[in-house]
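Trainee: no sequence on this one, just coordinates:
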């Protein structure tokens, strides 16, 4: 076999172990990569949460001097950057990784090693952004990094350079993940699963992936521009030589608004799986929900300047962007109505995942309504840069995205681990989070309309903002207790395991047809799909008869056909071998790019490591020959 | 048969059978999706160039440095490399090893010639006083064309690896898809250059000092 003759010498043997640290460093299994994403993102969630608590501690009292203005700038910058890029996006990626192959009946993603590369790039990129906590010079230009404030002239520390470098690496990770899931979803569906038989979560993942692949390059270019400005003195945003601050805003928000949908569409997918399961009804208006998702993703490209109404783009542009922004409320509203219609006359089972999903609808609707308020440009002029905007996007991103993510955690935990999360404790977690969240962010609506600006490190007691701020900080504390209760819930449920079985929720999609946790190869036999919610109709064929008079073949009847699809006969299932090249390539990229800040020899070391990883990877066969056929 | 044994179930090997939901190979779909992403990448850089057109505060301006005849030659060389790529794929598919290798090498060689043109162009501009730090034209020009040059360089390295694979026997007529995918990338990079050549050289090459900015005097 020629490919073996081409492989370059290896320093280490190809990793083979199935337990211990090496099994994680070399893994290409989508389930393990999903777990890595989930755990890493949750750790960043705790970091971002502590940053938020410090902000709230500072703002709890008027004229507070607990935290210096400079540290405050670093805190809100890192809180925003962390929560967007290191928490909500990778949490979604954790669900993509875990669920997409299971939902479409595949054994892994299309490019398992590239999948591992995405995770390691995400991890190292996140570390680079956070280097500042150790150098004492954290990024401080806001998560939006507005130039020229983020340029070298006004911000000479190393923080924003690390920010630009780290985010670029995260961008590469996101593009690679997006490409991977596009190919996986288009190409690796089980026989019979046409696009409109896919679960809605799979649909939302596909749409999100397309947005990632198209939107991330825009911020990538902006980051390269600000990066070369800072490192090499180019003039993109150097106002002395004519650089234009508004260009950065266009670039950032042309990425930034699709990014908003990158954050929320996976959450919508999660809710669309949870609500039908616990209402014991099919999702109401499946095509409407799917096409609304596509509509949101499309319209999301034509609304970016609503972040810039006060810049002075002129009445024509402002009006156009106000109209397109209001138009995007239509597909969003369609989704909300369909979710509610899913619950109408259902046999609703109230438990933790369901309550989180219902809270998602309620909180997201509030956030959506305040969004429509500042879609109106004159109204936005009043709200721009006030706490009203902070209230708005926390209602959509915490009340929306994170509520749905917690719903997904409680819903899929039994599938991922094999045991249930204690539901009674889960109700406490839900209650504390919902209460704390609303106490923290609802008062900000009033504060914002009263004129309290964002990103100020303190305010005078004469402003009369102290009461509401103290209330918000109390809410933050309750929210934090809720998160701690969640950690206790996980610990307790792990100690006192209640095994879940294959299908604890009597659910509808394919992942529930296999054991919990799923075996390495997921499906012993690749399923054949005949209907949307095929697993449900295999369990309840009489419902199908009721609906369209057709009785499906009982489960298992297609097994003989299956053998024809399975290339291996009974010779076992071959999965991609493990590989350490993805982590090597990712480390090379991170060291090389970090070396831009350290010195040329570091760039050389990173470059060699990265090239070695990439070349070794491209010459490494996906599967090594088995020992008995090697010669 | 050993080949069959080791490439059982895994997605990347499905290319040989295209046993996928769409019937397209995974890697080909990946390349098309990546090219869509790259369109946004170059599109953003080209947009930046156009936004900053005529906004340099000091020279050299495009009319002082850009040389359409020379660049027309390098553009022609790059376009001919696309032709060479088509021929290379044709012969590799037919199993004609010699011509296949010749045209792969020719594609890489023409790409290399293009890069040499670019290196000479860049150093000429620097000698004439235009660097990425000089003005907005320098910044946007060097970064845009530099990233295009980086794409061509990656393409040349990719082609050289395929050439090596052709000698080692890993690039054969039955997996010409390897070359086809590299070809998709190569043609895309050429198409991007057509846009850059049109926008940067044909449209803006006569831009002089914008109103209010001083004219550029060589050595001045």
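Mentor: Perfect, thanks for sending it. Computed from a predicted structure; not experimentally measured. Numbers count the residues shown, from 1 in each chain, chains lettered A, B, ... in the order given.
Trainee: Just checking the longest helix anywhere in chain B against chain A, any contact.
Mentor: Assignment by DSSP state H gives helix B:136-168 as the longest helix of chain B. Yes. Using CB under 8 Å from any CB of the partner chain, helix B:136-168 reaches chain A at B:136, B:138, B:139, B:140, B:143, B:161, B:165, B:168. Where C-beta positions appear, they are placed from N, C-alpha and C, glycine not excepted.
Trainee: Following the chain onward from that helix, which element is next?
Mentor: Downstream of helix B:136-168, the first helix or strand assigned by DSSP states H and E is helix B:177-196.
Trainee: Worst mean pLDDT across the helices and strands of chain B, which element?
Mentor: Using mean pLDDT, DSSP states H and E, the weakest-scoring helix or strand in chain B turns out to be helix B:2-6, at a mean of 42.
Trainee: so how many other residues sit close to residue B:184?
Mentor: The local packing of residue B:184 (other CB atoms under 10 Å in any protein chain shown) involves 16 other residues.
Trainee: Name the nearest residue to it, ignoring sequence neighbours.
Mentor: Residue nearest to residue B:184 in three dimensions, not counting chain neighbours: residue B:31, with 5.0 Å by CB to CB, 6 or more residues apart in numbering or on different chains.
Trainee: In what element of secondary structure is residue A:121 found?
Mentor: helix A:112-129.
Trainee: Show me how far that helix is from its chain's centre.
Mentor: Its chain's average C-alpha position is 14 Å from that of helix A:112-129, according to CA atoms, centre = their mean, to the nearest Å.
Trainee: Listing request: residues of chain B with sub-threshold pLDDT.
Mentor: For chain B, the stretches with pLDDT under 70 are B:1-18, B:219-220.
Trainee: care to break chain A down by domain?
Mentor: Taking automatic domain parsing as the reference, chain A has its domains at A:30-562, A:577-625.
Trainee: Quick check: which of those is nearest to residue B:175?
Mentor: Among those, domain A:577-625 comes nearest to residue B:175, with 12.7 Å by CB to CB.
Trainee: SS state for the residue of the stretch 501-631 of chain A found nearest chain B?
Mentor: Nearest to chain B in the stretch 501-631 of chain A, going by CB to the nearest CB, is residue A:574, at a distance of 3.8 Å. Assigned by DSSP: H, G, I helix; E, B strand; the rest coil, the conformation of residue A:574 is coil.
Trainee: Quick check: which element contains residue A:321?
Mentor: Counting by DSSP H and E, residue A:321 is part of helix A:315-327.
Trainee: now swap in residue A:487 and tell me
Mentor: helix A:466-495.
Trainee: Same check on residue B:48?
Mentor: Residue B:48 is part of helix B:26-51 when elements are defined by DSSP H and E.
Trainee: After that helix, which helix or strand is next? Please name it.
Mentor: By DSSP H and E, the next helix or strand past helix B:26-51 is helix B:62-65.
Trainee: what sits up against that next one?
Mentor: B:124-125, B:128, B:130, B:137, B:141, B:200, B:204-208, B:216, B:218 (CB atoms under 8 Å, 6 or more residues apart in numbering or on different chains).
Trainee: now swap in stretch B:88-101 and tell me
Mentor: Outside stretch B:88-101, the residues touching it (CB under 8 Å, 6+ apart) are B:87, B:102-104, B:106-107, B:163, B:166-167, B:171-173, B:176, B:179-180, B:183.
Trainee: hang on, the earlier thing: next, format the contacts of helix B:62-65 as JSON lines and append secondary structure, distance to residue A:296 and neighbour count.
Mentor: Putting those into JSON lines (DSSP: H, G, I helix; E, B strand; the rest coil; distance: CB to CB, whole Å; neighbours: other CB atoms under 10 Å in any protein chain shown) gives the following:
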{"residue": "B:124", "secondary structure": "helix", "distance to residue A:296": "49", "neighbour count": "13"}
{"residue": "B:125", "secondary structure": "helix", "distance to residue A:296": "45", "neighbour count": "21"}
{"residue": "B:128", "secondary structure": "coil", "distance to residue A:296": "50", "neighbour count": "16"}
{"residue": "B:130", "secondary structure": "coil", "distance to residue A:296": "45", "neighbour count": "25"}
{"residue": "B:137", "secondary structure": "helix", "distance to residue A:296": "39", "neighbour count": "28"}
{"residue": "B:141", "secondary structure": "helix", "distance to residue A:296": "37", "neighbour count": "24"}
{"residue": "B:200", "secondary structure": "helix", "distance to residue A:296": "36", "neighbour count": "24"}
{"residue": "B:204", "secondary structure": "coil", "distance to residue A:296": "37", "neighbour count": "19"}
{"residue": "B:205", "secondary structure": "coil", "distance to residue A:296": "42", "neighbour count": "15"}
{"residue": "B:206", "secondary structure": "coil", "distance to residue A:296": "44", "neighbour count": "11"}
{"residue": "B:207", "secondary structure": "coil", "distance to residue A:296": "40", "neighbour count": "16"}
{"residue": "B:208", "secondary structure": "coil", "distance to residue A:296": "46", "neighbour count": "13"}
{"residue": "B:216", "secondary structure": "coil", "distance to residue A:296": "49", "neighbour count": "20"}
{"residue": "B:218", "secondary structure": "coil", "distance to residue A:296": "55", "neighbour count": "9"}
